[in-house]
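Asker: Got a predicted model here, sequence first, then my questions.
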Amino acid sequence: MSGRAWADAMRAAGAVPASYVPEGSLGRTDLEEVAGAEAVENAELRVHPADAPGLSPPAASFLDGLQYWKVVFYDGVLPIVHVHVACAVRRRGADRKLRTADHATRDFHLAHLAGLKPAVRRLLDEGGLSVVDLPDGAAAQPGRAQEAARRAVENARVALEKEVGERCAARLGPDEWLVQDGLLSESAVLSGHPRALGVIKSHGAQYFEGPELERALTIPAGHRTSVFRPRGRARHEVYSWYLRLWPWEGNDLLFGLLRIEARAHPDTVARASAISGWLVRERAPLSTPDARWDRLLYPIHDVESYLKALAPRDLLPAPASRLPKTGT
Amino acid sequence: MIDKTAPAQTPVGRVVATELKPATPHQFHFWTATETSIGIGAIVRVEEPGNGKRETGRVVYGVVTDALAYSDLATPLHDVVGAEGDPVRAAAAPTVRQEIRLWTAAVLRQEPAEPLQPVPLGEVFVATDADVAEALRMDAYLHTAQPTAIPIGLYTSGGLEAPVYLDADFLLGPEAAHLNISGVSGLATKTSAVEFLLSSIFHHFPSHKGRIAAVCFNVKGSDLCFLDQPGVLDDEDRRRYARLGIPAEPFAQVRHYAPFKADGVNLNTLRTHPDLVGDVQPLVWGLQEVLDFAEVLLNRDDIDAKADAFIDFLADRVVGRDFEDGFGGRHRVQSFADLDRLFRSIFDGLELTGRSDMWRTHHIATMRKVRNRLSNISTRCKGLVTDDGPSNDLPWGRFEDRTVYVVDLANVDPLGQDLAFARIVSKLRERLEHHDLGVDAVVVFVDELNKYAPADGPETYVKKMLLDISERGRYLGLVLFGAEQFRSQVHRRVVGNAGTQVFGRMDMDELATPSYQVMTPATKIKLATLPVGELMVRHPHFTQPIFVRFPRPAVLRGRDGVERFPPGTDLPFEDAVVRQLLRLDRSLAPNRIKDLIDGRDPEDVRRALAAVRRKRPDDVLVAFRRELGGRVSPDVPRERQAVPPLNTISEEPY
């Protein structure tokens, strides 16, 4: 059944067409909690310059994922959500140009199947679509259903990133590194890989309190903190440290601040400054016009641009008015 | 030859269209990889995907006219920030920014042509040989029962190379005609291109269209003096000749004409090397030939109605006829000298008889003015115009097929150049009108149109003549190939009537003039930096200008020719006469000729030489002696005896 025919049938079955892109559907969420940390490199958190030479990988792969979702129908008050998640790896070789090394997408629908009208459910089941059921708790309120959908979408993206990341890690050359946008600790393979890094831009989860927190969040540009072991929701053990790319003074406390995750291994401690030096060099070129340019490495920005260029247009939020807009 | 066996291709780009940059029926945009063989002037093919029912979609051919490249950099300031103000750091950034190559192409042709629609958002391919033929509509005259295709050069792009053909019906008439070529001087483009194209025409002009010849006016240096001598070609040139189906050979038949120098016996040309000078024909005109073109030689102020009437009278009633001057004298005016004798006779007659200042309704002042101006002609154009004696002209009525007639006027006074040009072109037109030239079409190559047909300046006879050829020549088979440095400064109608326009490397100032406003800035830049051997061609069948490369002409360049065949030094009078007679009969003994002319008046010798040259008798020496006439002993003048005064003149006044 074609998309238009399926939509017509859904309408005939009593579902009401919708076009709602929830806030935050384009990005991921972060928990706001104090997770705690265990000192690894120094007994207490210290600041180190990130200027050690030595690491300049001849090749590096950069991984990022993308999630789009949109409420396309309501059956009563129950949303039926169209989801698109995608993940890509762009590899940079000796010519310093990025080329796609891997790309995977997944499109599916989310709905609380048990709460749907039989005709609507039958259309979802028989329409040749991939449908994922939302848990029972999602049926009570539309807001809860959307929250459940958000979690399901994020899980799908993380799973896809993990799948692609592990595939990529298996192919890495002897001197090649993999830099993933986000947590490395979601994957056992990646968190144990000697040349895989996780670069975290959002700092909802904090690992320190008091003076150590202040030290962590006020490190000068081109410096890093001591390596520590994050505690909390990490699924697999990794080492981590903060790194400042750009001066925060005059901006915001988190301006230019990254948290790096790497394998929990003494080598990581030994190479933390060299890795940091490499990442500081990745400040150029700037990833503008993205508003997060102070923390967004250009290659990651490039992967994001690549994924956005290939994402289905109908899942993008309308820029402003949904009336047609002329270019003049 | 068009290669129709092109292998399957991979696309090099894809058409994109946005609301601000849409695809239209006449223009489209496409992107390519940053490393691409596409460039300004490249011809591309756009294929609309089929409809899945074994029906192919619309095919569009376009030529690239503009290009853009940009990266994802939001503002230059961000690059400065990223590099912390250090350009070295910017160059050392770990990642190269994403770039785009966005090309703009003008539509050359759409298939199907109707309904005319915007260019589809399809894949873009580099054009093959067959595509180039299709895109430029060359199939209409290339693959017909009677093809009329004339190779102009090779279109080269993306490793592909395709011959480009002009339509003889639109280059040499009757549908359209004339070619105009512009370009800066000194890059061996304009003359070389015309030489190559003439060679191409001579080898590809279809026999069903008749016979063709070319008349080339050499107005500077030795440019066209060695068209029959092989030039230096490299393997690439030979390959291009082979690709275009033209033998890499100099012109098989070239006839050289040059006036004499002021001495009347040495030729006024740089082709005077002993090995070559033998086939240079002198170009000499007498009163009869000149009088018809007096308008060329006299400025506007001279040609008032009265003078014009008197010149007409001379031409109609006097020259070449037995004429009685009204004072008892009978004249047969055939030369400037005869004419001067007639004038003297009339003036003396009027003075002696004391009659009025009028002679046969012509005022004596008008006659004196015409006499003065005409007598000046033989002085200013000495060598081309003979004061006394027969003429030697182009072979009117006997023009040969595929032959180049070079008229060397490089060292002739500008007045003489004007005269030669006006007379030769007028005769060509007259003969072509009467179909008795010997060929059906003539290409006239005139360099320096800036000088002969300027956009502003006085209305000269030559300019009027060029306009006439431009506007009516195509019906007669009289085709003008004009060249100039500044197209914008040539008369608009001369340029505008040229069906085919060719551009070599252009000056940026020239490109900034309104004549070039239809070209994109990218095309202008390409024109300003065009390498030697590359041209931009506009032709009625091509909806957009096309860049082509042509091989070096297979003839000896003027400069090289002068080095290989250094001009001979001017011979003494006697030796020059001997050389000219030896050309007619190689068995003559030089000493016998020298004995004959020893002590003779050089004017008599010149006249006899011209007569022999014109008659080409079997026995040259006998004829020469007869023309010289008997040797007359000079009279010894009597000593004048003054009449003695009646009285001795005294210094004393009283």
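Answerer: Yep, it's here.

Asker: How about the residues of chain A by chain B?
Answerer: Remark: the part of chain A in contact with chain B comprises A:92, A:95-98, A:281-286, A:288-289, A:298-299, A:302, A:305, A:326-327, using C-beta under 8 Å from any C-beta of the partner chain. For the C-beta atoms, the positions are set from N, CA and C on the backbone; glycine is no exception.

Asker: burial count for residue A:231?
Answerer: The number of residues packed near residue A:231 is 13, by other C-beta atoms under 10 Å in any protein chain shown.

Asker: brain fart, residue B:324
Answerer: Neighbours of residue B:324 using other C-beta under 10 Å come to 9.

Asker: Let me see the confidence value for it.
Answerer: Note on residue B:324: pLDDT of 86.

Asker: so which strand or helix has residue B:468?
Answerer: Residue B:468 is part of helix B:461-476, with elements assigned from DSSP states H and E.

Asker: for residue A:180, same thing?
Answerer: Assigned by DSSP H and E, residue A:180 falls in strand A:177-181.

Asker: Just the buried ones out of the residues of chain A next to chain B, please.
Answerer: A:92, A:97-98, A:281-286, A:288, A:298-299, A:302, A:305 (16 or more other C-beta atoms under 10 Å in any protein chain shown).

Asker: returning to that earlier point: in helices, which of the residues of chain A next to chain B appear?
Answerer: A:281, A:298, A:299, A:302, A:305 (DSSP state H).

Asker: Point out where the stretch 501-650 of chain B drops to low pLDDT.
Answerer: The model of the stretch 501-650 of chain B has pLDDT under 70 over residues B:631-650.

Asker: how about the helices in it?
Answerer: Assigned by DSSP state H, counting those that start in this stretch, the stretch 501-650 of chain B shows helices spanning B:508-511, B:521-528, B:558-564, B:573-584, B:590-597, B:602-615, B:620-628.

Asker: So what are the sheet partners of the strand holding residue A:180 and their directions?
Answerer: Here strand A:177-181 is paired, per DSSP bridges, with strand A:60-75 (parallel), strand A:196-200 (parallel).

Asker: At which residues are the helices of the stretch 201-328 of chain A located?
Answerer: According to DSSP H, counting those that start in this stretch, the stretch 201-328 of chain A carries its helices in the segments A:210-217, A:266-281, A:298-310.

Asker: Turn those helices into a markdown table, columns for mean pLDDT.
Answerer: Shown next, in a markdown table, are those (pLDDT from 0 to 100):
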| stretch | mean pLDDT |
| --- | --- |
| helix A:210-217 | 93 |
| helix A:266-281 | 94 |
| helix A:298-310 | 94 |
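
Asker: Quick one: distance of the lowest-mean-pLDDT helix or strand in chain B to the chain centre.
Answerer: The weakest-scoring helix or strand in chain B, judged by mean pLDDT, DSSP states H and E, is helix B:294-297 (a mean of 71). Centroid separation for helix B:294-297 versus its chain: 22 Å, with C-alpha atoms, centre = their mean, to the nearest Å.

Asker: Dump the helices of the stretch 201-328 of chain A into TSV; add distance to residue B:171 as well.
Answerer: Listed next are these as TSV, based on distance: least, C-beta to C-beta, whole Å:
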stretch	distance to residue B:171
helix A:210-217	79
helix A:266-281	62
helix A:298-310	49
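
Asker: care to break the chain down by domain?
Answerer: In the absence of a named chain, this looks at chain A. A:1-29+A:66-175, A:31-57+A:180-283 (automatic domain parsing).

Asker: Switch to chain B, please.
Answerer: Domain assignment for chain B by automatic domain parsing gives B:13-135, B:169-283+B:402-563, B:288-380, B:571-628.

Asker: List the contacts of residue B:215.
Answerer: B:394, B:404, B:405, B:407, B:424, B:428, B:442, B:443, B:444, B:445 (C-beta atoms under 8 Å, 6 or more residues apart in numbering or on different chains).

Asker: One more: residue B:428?
Answerer: B:215, B:437, B:442, B:444, B:478.

Asker: Go again with 6 Å.
Answerer: Counting by C-beta atoms under 6 Å, 6 or more residues apart in numbering or on different chains, residue B:428 touches B:442, B:478.

Asker: quick one, which of the strands paired with strand A:177-181 is nearest to residue B:486?
Answerer: Nearest to residue B:486 among the strands paired with strand A:177-181 is strand A:60-75; the distance by C-beta to C-beta comes to 56.2 Å.

Asker: Run the chain-centre distance for that closest one.
Answerer: With C-alpha atoms, centre = their mean, you get 10 Å for strand A:60-75.

Asker: before we move on, the earlier item: show me what the helix holding residue B:468 is packed up against.
Answerer: helix B:414-433, strand B:478-484, helix B:492-496 (3 or more C-beta pairs under 6 Å, 6 or more residues apart in numbering or on different chains; DSSP states H and E).

Asker: and the residue in the stretch 51-200 of chain A that chain B sits nearest to, what does it touch?
Answerer: Closest to chain B within the stretch 51-200 of chain A is residue A:96: 4.5 Å, counting by C-beta to the nearest C-beta. Residue A:96 makes contact with B:95, B:96, according to C-beta under 6 Å, 6+ apart.

Asker: go on, residue B:208?
Answerer: Counted by C-beta under 6 Å, 6+ apart, residue B:208 has contacts residue B:146.

Asker: same thing with the one 4 residues further on?
Answerer: Applying C-beta under 6 Å, 6+ apart to residue B:212 gives the contacts B:205, B:439, B:441.

Asker: Is the second one in a helix, a strand, or coil?
Answerer: Read it as residue B:439. Applying DSSP: H, G, I helix; E, B strand; the rest coil to residue B:439 yields a three-state assignment of coil.

Asker: go on, residue B:217?
Answerer: strand.

Asker: can you check the one 3 residues further on too?
Answerer: At residue B:220, secondary structure determined by three-state DSSP is coil.

Asker: Tally up the residues packed near it, please.
Answerer: Considering only other C-beta under 10 Å, residue B:220 is surrounded by 15 other residues.

Asker: Report pLDDT for it.
Answerer: Residue B:220 is assigned a pLDDT of 84 by the prediction.

Asker: and it, what are its phi and psi?
Answerer: Backbone torsions of residue B:220, given as degrees, to the nearest 10, read phi -150, psi 130.

Asker: Roughly how far does the residue nearest to it when sequence neighbours are not counted sit from residue A:286?
Answerer: The shortest distance from residue B:220 to any residue other than its chain neighbours is 5.6 Å, reached at residue B:410 (C-beta to C-beta, 6 or more residues apart in numbering or on different chains). Separation of residue B:410 from residue A:286 (C-beta to C-beta, to the nearest Å) stands at 64 Å.

Asker: Residue B:538 too?
Answerer: 46 Å.

Asker: Same check on residue B:19?
Answerer: Taking C-beta to C-beta, one finds residue B:19 at 29 Å from residue A:286.

Asker: my guess is residue B:258 contacts residue B:267, does it?
Answerer: Yes - between residue B:258 and residue B:267 there is a contact under C-beta atoms under 6 Å: 4.8 Å.

Asker: okay, and the common contacts of the two?
Answerer: The contact lists of residue B:258 and residue B:267 share residue B:280, where a contact means C-beta under 6 Å, 6+ apart.

Asker: List, one by one, the residues from chain B near chain A.
Answerer: B:19, B:20, B:74, B:78, B:82, B:83, B:93, B:94, B:95, B:96, B:97 (C-beta under 6 Å from any C-beta of the partner chain).

Asker: residues in contact with the third one?
Answerer: This points to residue B:74. Contacts for residue B:74 (C-beta under 6 Å, 6+ apart) come out as A:288, A:289.
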